[in-house]
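S.K.: curious how this folds, go ahead:
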Amino acid sequence: MSIANLLPKYTYSDYAEWEGDWELVEGVPISMAPSPMRVHQNIALELLRDLADSVENSKCDECEVVFEVDWKVANDTVLRPDIVFTCGDHHDRYLTKAPKIIIEVISPSTAKKDETVKFSIYEDEKVDYYLLVYPEDLVAKVYKLKDDRYTKVGDFTDEKLKFDDIGCEISLDFDRVFRKFRRN
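M.R.: Residues are numbered from 1 along each chain as shown. This next block holds a predicted model:
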């Protein structure tokens, strides 16, 4: 018997009572990393700002960009992506359906989880786009769901990424997002 089978399994009701920052994956609690470094936070802010501006200009009234909101994937799985773009999900405490876009800003302490565990869950839950943003390299690796699997769209450093197949014509301008972080 595996030791994993002996560990207690938790649910959303347990999770809702915990102090601190946690995620829950198939009943297993995962402590969130300590506060991210300033560059991580600043790049997340620039991504949020650029995407929110694009949403506002697109007049997608049922859609919003949110930062670090819980997504209750299942009763035993609750994730907190860095940035999400979602439409028509009006629950007050957490997201109840798959966002159209999820962005994770990668730090050394979260890289493995973001690149494997979350990648797999987001793919299984049919999130249209998953972006992994690497602050040290100023690059975003963009994946698009195609035939129920993620396919890499590309690595973006100073290009504009258009999301014209998700019901709203929005974009992210990586030149604008990364501009002030580049060393001249």
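S.K.: could you say which helix or strand holds Arg176?
M.R.: helix 174-178 (DSSP states H and E).
S.K.: try Glu23
M.R.: Per DSSP H and E: strand 22-25 holds Glu23.
S.K.: and the contacts of the helix ranked longest in the chain?
M.R.: When the chain is scanned for its longest helix (criterion: DSSP state H), the result is helix 38-58. Residues from elsewhere that reach helix 38-58 (C-beta atoms under 8 Å, 6 or more residues apart in numbering): 36, 63-65, 67, 82-83, 85, 101, 103, 105, 107, 133, 135, 168-173, 176-178, 180-181. Heads up, the C-betas are built off the backbone N, CA and C, glycines and all.
S.K.: at 7 Å instead, please
M.R.: 63, 65, 67, 82-83, 85, 103, 105, 107, 133, 135, 168-173, 176-177, 181 (C-beta atoms under 7 Å, 6 or more residues apart in numbering).
S.K.: could you say what helices and strands the helix or strand following it packs with?
M.R.: Per DSSP H and E, helix 38-58 leads on to strand 63-67 as the next helix or strand towards the C-terminus. Here strand 63-67 touches helix 38-58, strand 83-87, going by 3 or more C-beta pairs under 7 Å, 6 or more residues apart in numbering; DSSP states H and E.
S.K.: tell me the mean pLDDT over strand 63-67?
M.R.: Averaging pLDDT along strand 63-67 yields 94.
S.K.: adjacent strands (with direction) for it?
M.R.: Each strand paired with strand 63-67, and its direction, by DSSP bridges: strand 83-87 (antiparallel).
S.K.: show me where the protein has its helices.
M.R.: 3-6, 12-15, 38-58, 111-112, 118-124, 174-178.
S.K.: enumerate every residue touching Val78.
M.R.: Contacts of Val78 (C-beta under 7 Å, 6+ apart): 12, 15, 23-24, 70-72.
S.K.: which residues are contacting the strand holding Glu23?
M.R.: 10, 15, 29-32, 76-80, 117.
S.K.: for ChimeraX, what selects the buried ones among the contacts of helix 38-58?
M.R.: This is how ChimeraX selects the buried members of the contacts of helix 38-58, with burial counted by 16 or more other C-beta atoms under 10 Å:
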select :63,65,82,83,85,103,105,107,133,135,168,170,171,172,173,177
